[in-house]
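**Q** Build me a model from this:
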Amino acid sequence: MGDLSVGDRVEVEVGPIAHGGHCVARHEGRVLFVRHALPGERVVAEVTEGAAGDRFLRADAVEVLLASPDRVSAPCRYAGRCGGCDFQHVSLSAQRRLKAEVVGEQFARLARRAVDVAVAPVPGDREGLRWRTRAEFALDQDGRIGMHPHRSHEVLPVEDCLIAVEALVPALTTDEAYAGRTGLDVVSPAAGGTVIVPLPVVAGEAVPVVHESVAGQRLTRDFEVSARGFWQVHPGAAATFVDAALELLVPQPGETVLDLYSGVGVFTAALAEAVGPTGRVLAVESDAEATVHAKANCAAYQGVAVVRARVDDFLGVARPKRRGPGGQRLRKLPARHPLAPPRADRILLDPPRTGAGQLVVTALTALEPKAIVYVACDPAALARDTAYLGERGYDLVTLRAFDAFPMTHHVECVALFMPRSAQ
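**A** Residues are numbered from 1 along each chain as shown. Next comes the predicted model:
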């Protein structure tokens, strides 16, 4: 097995796509994760990270000797240097096919099941460009605005970002000085002008509240959210995910529904409208500011209760708390929230990238819901939780995937699970 070091260049045959925006290649027994390549290509790959003894090395394709028919000229002049996009060199149809392959591979490896899924476009971008309404830019020591290269803290100055909506671009050429700041959070909300928040936010500085909108088949209305809070960055994503989730979950008037990891209450509002005044929606969110906005956004729905809590705490699930003497992990005693119901008709969850996890999944299935809809930004976490759900008698019935992040490796999934006994 040949040793390779950072900076070494080797000629390799490129293998399959992998989760994370790179392809797998091998050189004399060493595994390389190669960015800016495509399956089936022959490239010269330069090692960018790793050392002798590592399980794998990271590399970048610096020369293409045999190109894939899916390769295109990158529209962005910073492609290959900026770390923001993974697939500028890939045709849009091929990007979606590769994302579907990644979803399938993660389910095969982690859930031990085959899935056949197509990645659908989301309305609101132009050929994969000009869709991002929120972006965080970096500032270098000279105050120049730019982006971080892949896995780097350096700053690459940029004058444009082709996946950002045009309203964000002037922020990249602003003359305003941001002494002592390391970045800018730039937001183009649905209502009002562009908002710039210097980072880090200094104590005592007020972060603006912006107004976003959802205009879908299942929900049409405005929401308030912090300029630094979570909101889908693709203009068509929120409505697309609400429509997909509600179509699969099918909440009925008068039912009790849980909305877990509920953010500012987008799914909560859609669920409240579906279950009506005789129904009940419990929204659980750990972020204090998001909870405040969720209460304001859902104040008109009499059957909604917004609870500020971690989901595991709400359900009374034990979790690691801290390390005690000797380094052992101590667990917090379960303290189920008084509003947590003994049963729930349906559950919608939209967890962070790490997923819900086995203990939360176990607690959810104990509520014996008729259906669970899981909105996932990471296919690996979804696949792991699919396995846990299967162990608890809930099978994957429907899986949909959406290209809410063109030019990147990210993909959003919406999955329906139902009890095996009901099928």
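**Q** which other residues reach stretch 358-365?
**A** Here stretch 358-365 makes contact (Cβ atoms under 8 Å, 6 or more residues apart in numbering) with 258, 260, 311-312, 315-319, 347, 349, 356, 372, 385, 388-389, 392-394. For the C-beta atoms, the positions are set from N, CA and C on the backbone; glycine is no exception.
**Q** Let's see that with 7 Å instead.
**A** Stretch 358-365 is contacted from outside by 311-312, 315, 317, 347, 372, 385, 388-389, 392-394, using Cβ atoms under 7 Å, 6 or more residues apart in numbering.
**Q** Please pick the buried ones from those.
**A** Buried members of those, scored by 16 or more other Cβ atoms under 10 Å, are 311-312, 315, 317, 347, 372, 385, 388-389, 392, 394.
**Q** Pick out the most distant pair among those residues.
**A** Greatest spatial distance among these (Cβ to Cβ): 312 and 394, at 18.3 Å.
**Q** before we move on, the earlier item: pipe the contacts of stretch 358-365 into JSON lines and attach distance to residue 414 per row.
**A** Output for the contacts of stretch 358-365, formatted as JSON lines (distance: Cβ to Cβ, whole Å):
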{"residue": "311", "distance to residue 414": "18"}
{"residue": "312", "distance to residue 414": "23"}
{"residue": "315", "distance to residue 414": "22"}
{"residue": "317", "distance to residue 414": "24"}
{"residue": "347", "distance to residue 414": "14"}
{"residue": "372", "distance to residue 414": "11"}
{"residue": "385", "distance to residue 414": "13"}
{"residue": "388", "distance to residue 414": "18"}
{"residue": "389", "distance to residue 414": "15"}
{"residue": "392", "distance to residue 414": "20"}
{"residue": "393", "distance to residue 414": "21"}
{"residue": "394", "distance to residue 414": "16"}
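**Q** from the residues you listed, which ones fall inside helices?
**A** Using DSSP state H, the subset of the contacts of stretch 358-365 located in helices is 311-312, 385, 388-389.
**Q** Secondary structure of residue 186: a helix, I assume?
**A** No. Looking at residue 186 with DSSP: H, G, I helix; E, B strand; the rest coil, it is strand, so not inside a helix.
**Q** Could you verify my assumption that it touches residue 135?
**A** Yes. If you go by Cβ atoms under 7 Å, residue 186 and residue 135 touch, sitting 5.5 Å apart.
**Q** overlap in contacts of those two?
**A** The contact sets of residue 186 and residue 135 overlap at residue 168 (Cβ under 7 Å, 6+ apart).
**Q** who has more neighbours, the two?
**A** The residue with more neighbours, out of residue 186 and residue 135, is residue 186; 27 against 20, by other Cβ atoms under 10 Å.
**Q** quick one, what contacts that one?
**A** Residue 186 sits next to 135, 137, 168, 171, 194, 196 when contact means Cβ under 7 Å, 6+ apart.
**Q** Who is residue 164 paired with across the strands?
**A** residue 132 (DSSP bridges).
**Q** Likewise for residue 46?
**A** Under the criterion used (DSSP bridges), residue 46 bridges to residue 9, residue 60.
**Q** Tally up the residues packed near it, please.
**A** Look at residue 46: counted by other Cβ under 10 Å, it has 16 neighbours.
**Q** Contacts only, for it.
**A** For residue 46, the contact set (Cβ under 7 Å, 6+ apart) comprises 7, 9, 59-60, 62.
**Q** Next one: the nearest residue to residue 179 once chain neighbours are set aside relative to residue 198, how far apart?
**A** Spatial nearest neighbour of residue 179, chain neighbours left out: residue 143 (7.4 Å); criterion: Cβ to Cβ, 6 or more residues apart in numbering. Distance from residue 143 to residue 198, counting by Cβ to Cβ, to the nearest Å: 11 Å.
**Q** mind checking the SS state of the closest residue to residue 388 other than its chain neighbours?
**A** Closest residue to residue 388 apart from its sequence neighbours, by Cβ to Cβ, 6+ apart: residue 361 at 4.2 Å. Secondary structure, three-state DSSP: residue 361 is helix.
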